[in-house]
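In: Fold the stuff below for me.
(chains A and B)
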Amino acid sequence: EPEVTQTPSHQVTQMGQEVILRCVPISNHLYFYWYRQILGQKVEFLVSFYNNEISEKSEIFDDQFSVERPDGSNFTLKIRSTKLEDSAMYFCASSEAPGQSYEQYFGPGTRLTVT
Amino acid sequence: AQKITQTQPGMFVQEKEAVTLDCTYDTSDQSYGLFWYKQPSSGEMIFLIYQGSYDEQNATEGRYSLNFQKARKSANLVISASQLGDSAMYFCAFHHDSNYQLIWGAGTKLIIKP
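Out: Presented below is the predicted three-dimensional model:
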């Protein structure tokens, strides 16, 4: 069964450093998403991406964050100048075109720890 | 803004019993969808079931069913014949049909007792 993959599974970085979180969505999916979950808290939407551009973003997704689809398979989230409060689990998800299925398939997550 | 409420932070249920996890939502939209996801202690997010606002029948997927009461704006998850492996966090999530970001509830931690 096709699945969303994410690398790395765990990333430790120092405050102020840049990190890139990588995702490989399911190959025939058209919509891609990043969510985050701070430990013990609810899941929060960050950004959605369609047709090579951001379609929606939340208030959390400020200039510190960027997304990119550098090739036909990878979907990346870059966090510039990380802060302690960026420590969280980051989930990538993908879905088919609307009208086919609304289900969002989630990757296993990347646990980001900022020290 | 849409709000998703899960009023049960934690539940203990005896194995093999049915369990209902509550979810209410607040929206003025007519067209939307509701999801339930399971998050085991390992951390991954597993899709369980989806209900569209215009679906006339309640969604079912194996042991999972969604008790959708549109007028009450509730979308409760029912798990029949609970198993030890059902112990996990359960999240209810909402999306508009005009965009696809998921808005999440705070979750319910379900523990199945042997």
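
In: residues contacting residue 46?
Out: If you meant another chain, say so; for now it's chain A. A:Tyr33, A:Trp34, A:Tyr35, A:Arg36, A:Lys57, A:Ser58, A:Ile60, A:Phe61, A:Phe65, A:Leu77 (C-beta atoms under 8 Å, 6 or more residues apart in numbering or on different chains). Using the backbone N, CA and C atoms, a C-beta is placed for each residue, glycine as well.

In: You answered for a different chain; I wanted chain B.
Out: A:Phe106, B:Tyr37, B:Lys38, B:Gln39, B:Pro40.

In: Please work out which residues outside the host helix or strand of the second one touch it.
Out: For B:Tyr37, the element it lies in under DSSP states H and E is strand B:32-39. Identification of contacts with strand B:32-39 by C-beta under 8 Å, 6+ apart yields A:102-104, A:106, B:21, B:23, B:25, B:45-53, B:64, B:66, B:68, B:75, B:77, B:86, B:88-97, B:102, B:107.

In: Also stretch A:33-40?
Out: Here stretch A:33-40 makes contact (C-beta under 8 Å, 6+ apart) with A:21, A:23, A:43-49, A:60, A:67, A:77, A:85, A:87-95, A:104, A:106, A:109, B:100-102.

In: follow-up on the earlier one: include neighbour count, distance to B:Thr5 and pLDDT when you put the contacts of B:Ile46 into JSON lines, please.
Out: Converted to JSON lines, the contacts of B:Ile46 look like this (neighbours: other C-beta atoms under 10 Å in any protein chain shown; distance: C-beta to C-beta, whole Å; pLDDT from 0 to 100):
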{"residue": "A:Phe106", "neighbour count": "23", "distance to B:Thr5": "22", "pLDDT": "95"}
{"residue": "B:Tyr37", "neighbour count": "23", "distance to B:Thr5": "16", "pLDDT": "96"}
{"residue": "B:Lys38", "neighbour count": "21", "distance to B:Thr5": "19", "pLDDT": "97"}
{"residue": "B:Gln39", "neighbour count": "21", "distance to B:Thr5": "18", "pLDDT": "95"}
{"residue": "B:Pro40", "neighbour count": "13", "distance to B:Thr5": "23", "pLDDT": "95"}
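
In: Now render those as CSV, adding distance to A:Val4.
Out: Supplementary listing: the contacts of B:Ile46 in CSV, determined by distance: C-beta to C-beta, whole Å:
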residue, distance to A:Val4
A:Phe106, 6
B:Tyr37, 14
B:Lys38, 16
B:Gln39, 15
B:Pro40, 17
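
In: so what pLDDT did B:Ala1 get?
Out: Note for B:Ala1: predicted pLDDT of 67.
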